[in-house]
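Participant: Need a 3D model of the sequence below.
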Amino acid sequence: MNLFQRPKIGLALGGGGARGLAHIGVLKILEQEQIPIDFIAGTSAGAVIGAMYALNPDAREIQIKIEELFNSSYFHKLNLERIHKKNGSDTFFSHVVTFLKERIVINFAYKRLSLIGNRKFIDTLNLIIQNKDITQTAIPFCVVATDLVSGNDVILKTGDLISAVTASGSIPGFLPPVTYSNNLLLDGGISQKVPVDAAIGLGAEIVIAVDVSQKLEKKTEYDNILEILNRTGQITSATLTKIQLQKADLVLKPEVGQFHWSEFKNLDNLISAGENEARRQITKLKKIIRMRQIIKKNNRSYG
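Facilitator: Coordinates of the predicted model:
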C-alpha cells in the first residue's frame with residue numbers, strides 16, 4: 001500500500017467498562033491483517049486501551065499487561081465486584097444509585113463527591129501505562145472527557161497522559177471529577193461514548209469506530225422514580241451515540257452486550273468477541289480503504 005496515497009486511518013475506541021477489553025481483540029486482528037493505524041481517540045475504557053496501544057502498538061503485549069494487572073493487589077483494591085449486580089440495568093448510574101441506597105447512609109452521599117478516591121485508580125493505571133505527555137505517544141492519540149463546568153466535551157491532545165485517562169474514566173459518583181487545566185472533568189462517555197468526532201479532529205480520513213455499549217432494550221415496567229430517571233439517561237446516551245456513529249466509515253460492534261461492565265474476569269471471552277467482529281468486517285474495511293485510496297489518487301491526478 002503506497003503510504004503517499006493511502007488514506008489516514010483513525011480508531012475511535014468507545015467506553016463500556018470491562019466490555020472495552022474487546023478493543024484488544026479488534027487490535028489483534030487489525031495487526032494480523034496489517035491494517036495501519038495513524039490516529040487513536042479513546043473514551044473511558046477505550047482511553048485506557050487506546051493509550052496503551054498508542055504508546056506501544058502491540059496488542060499481545062497489552063493483553064499480557066492486562067492479565068498481570070487483574071492479578072495485582074492494586075486492581076483488587078478497586079473492589080469493583082461490590083457494585084456488580086447480575087440482574088437489572090447495567091448503567092454506571094444505576095449501580096451507583098443502588099449502592100448508595102443499600103450500603104451508604106444518605107448523609108454520606110451529600111458529604112462526598114464519589115464512592116472512592118481516584119488515587120487507587122491512578123495507582124492501577126500506572127501499572128499498565130507509561131506516564132508521558134500525550135504528544136509523546138508512538139501513534140498520535142487523544143482522550144475524550146466531559147467538563148462538568150461547561151457541559152462540553154473536552155479533547156485532550158497534550159498534557160499528562162495518566163491524568164487525561166483518569167479524567168476520561170472518572171465514572172460519575174464512583175470516582176471524583178478531575179481538575180485538569182481550567183476544567184472539572186468526568187467520564188468522556190457522557191459526551192462522546194464512541195469518539196468519532198475526536199478521531200476526525202486528529203486528521204483521520206477513515207474512521208473505524210468500536211462500540212462496546214449495550215443495546216437499548218425495550219422496557220415497559222418501572223418500579224420507582226429512580227428507574228425512570230435512569231431510563232431517560234439511557235435513551236439520551238443511546239441517541240447521542242447513534243448520531244456520532246453515523247460519521248464513522250466502519251462501525252464494529254463486538255457481541256459483548258451479555259457482559260456486565262465490571263466483569264473483568266471474562267477477559268478471554270471479551271477479547272474473543274473483539275476478534276470475531278473484526279474478522280467479520282475485515283473484508284469490508286479493506287474495500288473501504290481501497291476505494292478511498294483510489295479517490296485520493298484520482299484527486300491528486302486531476303487536482
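Participant: switch to C-alpha atoms for all contacts and neighbour counts from now on
Facilitator: Noted.
Participant: Quick check: buried residues in the helix or strand hosting Lys296?
Facilitator: Assigned by DSSP states H and E, Lys296 falls within helix 267-302. Under the neighbour-count criterion of 16 or more other Cα atoms under 10 Å, helix 267-302 has 267, 269-279, 282, 285, 288-289, 292-293, 297 buried.
Participant: Show me what that helix is packed up against.
Facilitator: Under the contact definition 3 or more Cα pairs under 8 Å, 6 or more residues apart in numbering; DSSP states H and E, helix 267-302 sits against helix 22-32, strand 250-252.
Participant: mind running it again at 10 Å?
Facilitator: helix 22-32, helix 59-70, strand 206-210, strand 250-252 (3 or more Cα pairs under 10 Å, 6 or more residues apart in numbering; DSSP states H and E).
Participant: and among these, the most buried is which?
Facilitator: strand 206-210 (a mean of 26; mean count of other Cα atoms under 10 Å).
Participant: For Ser114, give me the pLDDT.
Facilitator: You'll see Ser114 listed with a pLDDT of 56.
Participant: oh, I was asking about Val105
Facilitator: Value for Val105, per-residue pLDDT: 44.
Participant: ditto for Ser262
Facilitator: Ser262 is given a pLDDT of 82.
Participant: This protein: strands as residue ranges?
Facilitator: 9-13, 39-43, 141-147, 153-156, 178-180, 183-186, 206-210, 250-252 (DSSP state E).
Participant: could I get the ones you listed as a markdown table with distance to Glu263?
Facilitator: Output for the strands of the chain, formatted as a markdown table (distance: least, Cα to Cα, whole Å):
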| stretch | distance to Glu263 |
| --- | --- |
| strand 9-13 | 19 |
| strand 39-43 | 19 |
| strand 141-147 | 23 |
| strand 153-156 | 27 |
| strand 178-180 | 25 |
| strand 183-186 | 22 |
| strand 206-210 | 19 |
| strand 250-252 | 21 |
